[in-house]
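Asker: coords please:
(one chain, ligands or ions: 2)
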Amino acid sequence: MAAPQNLSNRPLAIRDEPKPQVKPGHVLLRVRACGVCRTDLHIVEGELPARVPNLIPGHQIVGEIVEGATTDLPPGTRVGVSWVGGVDGECPYCLRGLENLCDSPTFTGYTVHGGYAEYLLARADFVYPLPADLDDFHVAPLLCAGIIGFRSLRVAGVEHGDRVGLFGFGASAHLAIAVLRSWDCEVYVSTRGESHRHLATSLGAVWVGSEKEKPPVELDRAITFAPSGDVVVSALASLRKGGVVAINAIHLDRIPEFDYDRLLWGERQLRSVANMTRSDARDFLRIASRIGLRPKVRSFPLDQVNEALALLKNDSVDGAAAIIP
Ligand SMILES: [Zn+2]
Ligand SMILES: [Zn+2]
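Answerer: Ligands and ions are numbered 1, 2, ... in the order given. Got it, this is the predicted structure:
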């Protein structure tokens, strides 16, 4: 990517790059698949400020170790790499065990090059060996959309059997619903777009409505996935007292003014979900393997990445998108 710009200008172009040199504490991966995430769109279009010139985006990477192998990670090991590509391990947040809030994090495909590429250099302590029963294509979208969707359920404090609302039904939500169903939760989905509503019904939502409708019951938890503050207010309006809204969006347009007495009083909580920890990743991949999570994925060759991002921008991908280089 030469410079962030509107997607209609086709900001991403294929470029020949030397294979990265392996460094101490790192592994060199040959990329087998890379999921396309909404955050990539925010990076490519400049809603997140540019941090690296000529950046290669992509942070849901399935790769195999070709250099830098260790006893724990032998050559050929198939591993996943996610959005958090490293932390400093010494800031007050890392020392408190809150590595998702690290003051100096490395973000894959943002502060370092990512996986829209043939090879990738990754920190050896931030790769996840992948369960054999999850193939490359289906595991790629789990590596950010899945892990961060799972973290959202934790931040929202979801308990078995809860009534949970999912506001927006893109890649993350369509993975989170599978985990919720395995916890016997009743899932209420609010989303625009007929095909997203069909997908939600087919994945076991007990109620599916448009963004203007309100779920028929009060919800224990709600997670918002759309980059829209209006959606956050709709989610708040659907909560019972003591309920929690977790906002799963790295960027939000704005939150409109809302009525405190009616929407937040009664110990309702509004929380954001920031990044992920390595234990979120490991726990989620274990659950995904156990419940046989098979996301709906549409694949694109590397040279069609602009098209994949454009479809994501228009909410026209049912499920997730992945690049197969
Ligand atoms: Zn830190
Ligand atoms: Zn992501």
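
Asker: What is the burial count for whichever residue of the stretch 101-250 of the chain sits closest to ligand 1?
Answerer: Nearest to ligand 1 in the stretch 101-250 of the chain, going by CB to the ion, is residue 102, at a distance of 3.1 Å. All C-beta spots, glycine's among them, are computed from the backbone N, C-alpha and C. As a burial measure, residue 102 scores 20 neighbours (other CB atoms under 10 Å).

Asker: What of the one 10 residues further on?
Answerer: Applying other CB under 10 Å, we find 20 residues neighbouring residue 112.

Asker: swap in residue 13?
Answerer: Count around residue 13 with other CB under 10 Å applied: 10.

Asker: Around ligand 1, which positions in this protein sit nearby?
Answerer: Where the chain comes near ligand 1, counting by CB under 5 Å from the ion, the residues are 87-88, 91, 94, 102.

Asker: Out of those residues, who's the most crowded?
Answerer: residue 87 (24 neighbours).

Asker: dump the residue contacts of that one.
Answerer: Taking CB atoms under 8 Å, 6 or more residues apart in numbering, we find residue 87 in contact with 94, 99, 102, 104-106.

Asker: Restricted to helices, list those.
Answerer: With helices taken from DSSP state H, the overlap with the contacts of residue 87 comprises residue 94.

Asker: which ones among the contacts of residue 87 are found in strands?
Answerer: Those of the contacts of residue 87 mapping onto strands are residue 106, per DSSP state E.

Asker: ok, so of the contacts of residue 87, who is nearest residue 285?
Answerer: Closest approach between those and residue 285, by CB to CB: residue 99, at 17.1 Å.

Asker: separation between residue 225 and residue 299?
Answerer: Residue 225 sits 22 Å away from residue 299, going by CB to CB, to the nearest Å.

Asker: neighbour-wise, which of those two wins?
Answerer: Here residue 225 and residue 299 are compared on neighbour count by other CB under 10 Å; more neighbours surround residue 225, at 27 against 15.

Asker: pretty sure that one is touching residue 170, no?
Answerer: Yes - contact criterion CB atoms under 8 Å: residue 225 and residue 170 qualify, at 5.8 Å.

Asker: Identify the residues contacting the residue nearest the centre of the chain.
Answerer: Using CA atoms, centre = their mean, the residue of the chain that lies closest to the mean C-alpha position is residue 145, 2.5 Å off. Residue 145 makes contact with 35, 37, 60, 170-172, 175, 295, 320, according to CB under 8 Å, 6+ apart.

Asker: So for it, what's the pLDDT?
Answerer: Per-residue pLDDT puts residue 145 at 91.

Asker: cool, residue 21 as well?
Answerer: Note for residue 21: predicted pLDDT of 96.

Asker: try residue 229
Answerer: In this model, residue 229 is scored at 94, pLDDT.

Asker: and the closest residue to it other than its chain neighbours, backbone torsions?
Answerer: Once flanking residues are discounted, residue 229 sits nearest to residue 255: 3.7 Å by CB to CB, 6 or more residues apart in numbering. Residue 255 adopts backbone torsions of phi -110, psi 120, taken as degrees, to the nearest 10.

Asker: what's near enough to touch residue 255?
Answerer: 229, 232-233.

Asker: Please put the alpha-carbon coordinates of stretch 114-121 into CSV.
Answerer: Output in CSV follows, covering the C-alpha atoms of stretch 114-121 (Å, rounded to 0.1, in the frame of the first residue of the first chain):
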residue,chain,number,x,y,z
GLY,A,114,1.2,-8.4,7.7
GLY,A,115,-0.1,-11.4,5.8
TYR,A,116,-1.3,-10.2,2.4
ALA,A,117,2.1,-11.6,1.3
GLU,A,118,3.9,-14.9,0.6
TYR,A,119,6.2,-14.7,3.7
LEU,A,120,5.8,-13.1,7.1
LEU,A,121,8.1,-12.5,10.0
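
Asker: Touching that stretch from outside, list them.
Answerer: Under the criterion CB under 8 Å, 6+ apart, residues 12, 17, 19-23, 26-31, 34, 55-61, 63, 66, 81, 108-109, 112-113, 302, 305, 323, 325 lie in contact with stretch 114-121.

Asker: How far off centre is it?
Answerer: Taking CA atoms, centre = their mean, to the nearest Å, one finds stretch 114-121 lying 18 Å from the centre of the chain it belongs to.

Asker: Stretch 315-325 too?
Answerer: On CA atoms, centre = their mean, the centre of stretch 315-325 falls 13 Å from the chain's centre.

Asker: what's the answer for stretch 18-32, then?
Answerer: With CA atoms, centre = their mean, you get 23 Å for stretch 18-32.

Asker: what do you get for stretch 306-321?
Answerer: Relative to its chain's centre, stretch 306-321 lies at 14 Å (CA atoms, centre = their mean).

Asker: Please see if that stretch touches ligand 2.
Answerer: No - against ligand 2, stretch 306-321 shows no contacts by CB under 5 Å from the ion, the least distance being 10.4 Å.

Asker: ok, and for that stretch, which residues are buried?
Answerer: Residues of stretch 306-321 classed as buried under the neighbour-count rule (16 or more other CB atoms under 10 Å) are 306, 308-313, 315, 317-321.
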